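>>> quick one: sequence and predicted model below, then my questions.
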Amino acid sequence: MIGVEMASKNKFEIVNGNIHISRAEWKQVVEVTYREDYYDELKSVTWTESNGYIKNGKLGLLHRFMMEKWYGKEVLEEMTQRGWVVDHMNNNAFDCRICNLEFLPSRHNVAKGQILDVESEEMRHHIALNIFKDFQTGLYQISIGFNDNLCFYNVKTKEVRPINTLFLLYDCDYKLVIYDAEQILTKYRIEKQFGLGNLNFIDYKCEFPPEIQLTKQEIEEITNGDRFYIERDGELYFIPGKHNWILSAHYKEGWKPSDKE
C-alpha cells in the first residue's frame, strides 16, 4: 500500500498497483489501474454512480476515461465512430482496471451481456471463468478457478491430476475469446467437463493443489463447511467449500507463449 488520499466526496487509496475509489453509499469499491500521470486528475473530481456506471461531469465515464489514457484520444474517438463500445470483460462496471476493458462492437457487447455474462455468473460457484487482456503483451487470457472437484487429463502423458486453476492464452480477435468462453461454460453446464481440443488458445498453464496429508479433524471441518484453509509450515492453502468459493483467478502478467515455468 502506498498511501491514502481524500478528494471531494470520494476516498482514494492505492493498493497493489490499483486505485481504489469508494464512497459511503457505494456497495463496492471501484478499481482503476494506477498510473502516476493521471492519478492527480482522477482524484481532483467527485465520481458518482449513474445507471450502474461510474462517471464525473467533467471527465465523463470512468471506463472511457481509462481507455483514453491507455489507448489515446484518437483511438477512442475512432472506435466510437465505428460503433464500438468499451466492454467490461467481467461485466462489473466498478472494475475499470485496464486489464478488464476492451473495445467491442455494440451488437457483440449486447450479445455478450445476454449470454456469456449471464452464464459465467450462474456457473461461478462451479467454475469461475474470467477474461483478461494484458496491456503489456496485447494478449488475452481466460482464467478458470475450479470450485468443483475436477481433474486435468494430459493427453500426451496420460497423467490425471486434480486441478485448481487453468489459464488459456490467446493471440486472436477478442470475439473468438468470447466464443471459446461460451463454449467452455456450455460444455461444462451440460456434461460437467470440457476439453481443450477445439479452442483457439495458443498456450495454457495449470496450477495444481499441493499434496497435503489432512488430519481427521481437518477432513471433518472441511466436509462440514467449517474450514476453508489449511496451514502448513506458515503457508495458507485455500479450500473451496460450501460457503467459500474462488470468484476470480488473476491473469498471468507478462505471459507470452514462449514462457516456460
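Structure's in. What do you need?
>>> from here on, contacts and neighbour counts on C-alpha atoms
Fine.
>>> okay, helices next: where are they in the stretch 101-250 of the chain?
106-114, 116-123, 174-191, 216-223 (DSSP state H, counting those that start in this stretch).
>>> hey, least reliable of those by pLDDT?
By mean pLDDT, the lowest-scoring of the helices of the stretch 101-250 of the chain turns out to be helix 216-223, with a mean of 64.
>>> ranges for the strands of the stretch 51-200 of the chain?
53-56, 60-61, 84-88, 95-96, 101-105, 127-134, 139-146, 151-153, 160-162, 165-170 (DSSP state E, counting those that start in this stretch).
>>> give the contact list for the residue most central in space within the chain.
Residue closest to the average C-alpha location in the chain (C-alpha atoms, centre = their mean): N130, at 4.6 Å. N130 is in contact with M89, N90, S120, I142, S143, I144, S248, A249, counting by C-alpha atoms under 8 Å, 6 or more residues apart in numbering.
>>> any idea how far the last one is from I131?
A249 sits at a distance of 10 Å from I131 (criterion: C-alpha to C-alpha, to the nearest Å).
>>> picking up where we left off before, list just the nearest of the contacts of N130 to P257.
Using C-alpha to C-alpha, I142 comes nearest to P257 of the contacts of N130, at 14.0 Å.
>>> list the beta-bridge partners for the closest one.
I131, L168 (DSSP bridges).
>>> so it touches D171, yeah?
No - using C-alpha atoms under 8 Å, I142 makes no contact with D171, being 11.6 Å away.
>>> settle it for me: which of those two has more neighbours?
I142 (24 against 18; other C-alpha atoms under 10 Å).
>>> so how far is I190 from that one?
20 Å.
>>> mind checking how far C151 is from I163?
Going from C151 to I163 by C-alpha to C-alpha gives 5 Å.
>>> comparing these two, which residue is more hemmed in?
Legend: neighbour count by other C-alpha under 10 Å for C151 and I163, higher for I163 (20 against 15).
>>> need the pLDDT of that one.
89.
>>> for it, which non-adjacent residue is closest in space?
Of all residues not flanking I163 in the chain, F208 sits nearest, at 4.6 Å (C-alpha to C-alpha, 6 or more residues apart in numbering).
>>> rewinding a little: mind checking the strands of the stretch 51-200 of the chain for the one nearest to A24?
A24 sits nearest to strand 53-56 of all the strands of the stretch 51-200 of the chain, at 14.5 Å, using C-alpha to C-alpha.
>>> looking at this structure, which residue lies furthest from center?
K216 (35.3 Å).
>>> find residues that contact each of A249 and I131.
With C-alpha under 8 Å, 6+ apart as the test, A249 and I131 both reach S143.
>>> so between the two, which is more surrounded?
A direct count of neighbours by other C-alpha under 10 Å for A249 and I131 places I131 higher, at 25 against 19.
>>> and the gap between the more buried one and R23?
27 Å.
>>> again with R124
In terms of C-alpha to C-alpha, R124 sits 27 Å off from R23.
>>> which one of the two has more residues nearby?
Shown here are R124 and R23; by other C-alpha under 10 Å, R124 has more neighbours (20 against 17).
>>> residue contacts, D203?
Contacts of D203 by C-alpha under 8 Å, 6+ apart are L168, L169, Y170, P257.
>>> which of the residues you listed has the largest number of neighbours?
Using other C-alpha under 10 Å as the neighbour test, these are led by L169, with 24 neighbours.
>>> now that residue, nearest residue through space, not along the chain?
Counting by C-alpha to C-alpha, 6+ apart, the residue nearest L169 is Q141, at 4.7 Å.
>>> export the contacts of D203 to CSV and append columns for pLDDT and distance to Y179.
Putting these into CSV (pLDDT from 0 to 100; distance: C-alpha to C-alpha, whole Å) gives the following:
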residue, pLDDT, distance to Y179
L168, 97, 13
L169, 98, 14
Y170, 98, 12
P257, 88, 21
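>>> format those as TSV; extra columns: distance to E74.
Conversion of these to TSV gives the following (distance: C-alpha to C-alpha, whole Å):
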residue	distance to E74
L168	31
L169	28
Y170	26
P257	31
